[in-house]
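S.K.: Below are the sequence and a predicted model for it; my questions follow.
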Amino acid sequence: MTHSASTSGGGTEAKAAVSAAAPGQPATPSVLDVDLDRLRAMGAEELLEFAFTTFGRRAAIGTSLQKTGIAMIDLASRLATPWRVFFIDTLLNHQETYDLLKEVERRYGTPVERFRPSGESVEWLYKTFGQHAHYFNRQLCCRTRKAIPLQEALETLDVWISGLRGDQSSHRADTAAKAEVIQTERGRDVLKLNPLLDWTEQQLEAYSREHDLPHNRLYDYVSQYGERYTVIGCVHCHVPVKEGFDKRMGKFPWEQGSKECGIHEKGGGI
């Protein structure tokens, strides 16, 4: 399913994480009823089970198909409850990323919903800044291609499951939480979960190997100078870097600082 921007089961802890609904209220709770402290103490599998058992189709994994996102998809596929996943398609991804998306759909038998910028918004961006808008106003380009489509996705959700990890950057370690309530630009409350926030890169790699998870083939690329991709996104804004460089250096390589696209209010980019 593509969008353009212009249940059963559940463990005792998951059930206890939501306040009981008053008589006459709908079965699906408000995100304001959840016990955030209890959710923050849960492991990744339990958080995913809570989200999909409690909120059903109003919960979804949002992924750019990095390794963390694939691991969450794999964990969700092992639950005894339906689950949902979406992808923000900036229309500037590598072909290897689109190939991975199809591979994920085939392996897990679940469609990956796609939210993308409208043709009108991209045309306005090009007319205003040219076809290389990402160099002249990168923040606006990210907003047009990522942040606005994300807002459209969030209008279909009560729970957004994100792939942030604390060890990806000091900015994320300092600002992201495993569970928090955020507000969309339209003022709706959404529960945001980061189930793998406390996973290390070593844990992620071990899980990926153990379960033979699909991955972006660009991670296998090595240039004649030993450069590798450590983070993958839009073609123009992510480059391979030499071993020993900071892993975030290949993202917006002409910039300094937190290296974030702004898709998250806290914890940085997707």
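M.R.: Structure's in. What do you need?
S.K.: so for stretch 227-239, what's the average pLDDT?
M.R.: What stretch 227-239 shows for mean pLDDT is 94.
S.K.: Equivalent analysis for stretch 84-93, please.
M.R.: 97.
S.K.: Mind listing residues that contact it?
M.R.: For stretch 84-93, contacts defined as Cβ atoms under 8 Å, 6 or more residues apart in numbering pick out 2, 52, 57, 59-65, 73, 76, 101, 110, 112-117, 122, 145-146, 149-150, 153, 233-236, 263, 270. Placement of C-beta: from N, CA and C, glycine included.
S.K.: How far does it sit from its chain's centre?
M.R.: Mean-position distance between stretch 84-93 and its chain equals 10 Å (Cα atoms, centre = their mean, to the nearest Å).
S.K.: what's the nearest residue to E180 if we skip its chain neighbours?
M.R.: K192 (5.5 Å; Cβ to Cβ, 6 or more residues apart in numbering).
S.K.: The one you found bridge partners, please.
M.R.: On the basis of DSSP bridges, K192 is bridged to W160, E180.
S.K.: contacting residues for it?
M.R.: By Cβ under 8 Å, 6+ apart, the contact set of K192 is 159-160, 162, 179-182.
S.K.: now swap in Q224 and tell me
M.R.: Under the criterion of Cβ under 8 Å, 6+ apart, Q224 has no neighbours.
S.K.: For it, give me phi and psi.
M.R.: Q224 adopts backbone torsions of phi -70, psi -10, taken as degrees, to the nearest 10.
S.K.: same question, R40
M.R.: Per degrees, to the nearest 10, the backbone of R40 is at phi -70, psi -20.
S.K.: ok, how many other residues are close to it?
M.R.: Neighbour count of R40, defined by other Cβ atoms under 10 Å: 17.
S.K.: from what I can see it touches A177, true?
M.R.: Yes: with contact defined as Cβ atoms under 8 Å, R40 counts as touching A177 (6.8 Å).
S.K.: hang on, T110 in a strand?
M.R.: No: per DSSP: H, G, I helix; E, B strand; the rest coil, T110 lies outside any strand segment and is coil.
S.K.: From the opening residue of stretch 74-90 to its closing one, how far?
M.R.: Length of stretch 74-90, first residue to last, Cα to Cα, to the nearest Å: 24 Å.
S.K.: now the closest residue to R57 other than its chain neighbours: how far from A60?
M.R.: Closest residue to R57 apart from its sequence neighbours, by Cβ to Cβ, 6+ apart: R84 at 5.9 Å. Remark: distance between R84 and A60 (Cβ to Cβ, to the nearest Å) = 4 Å.
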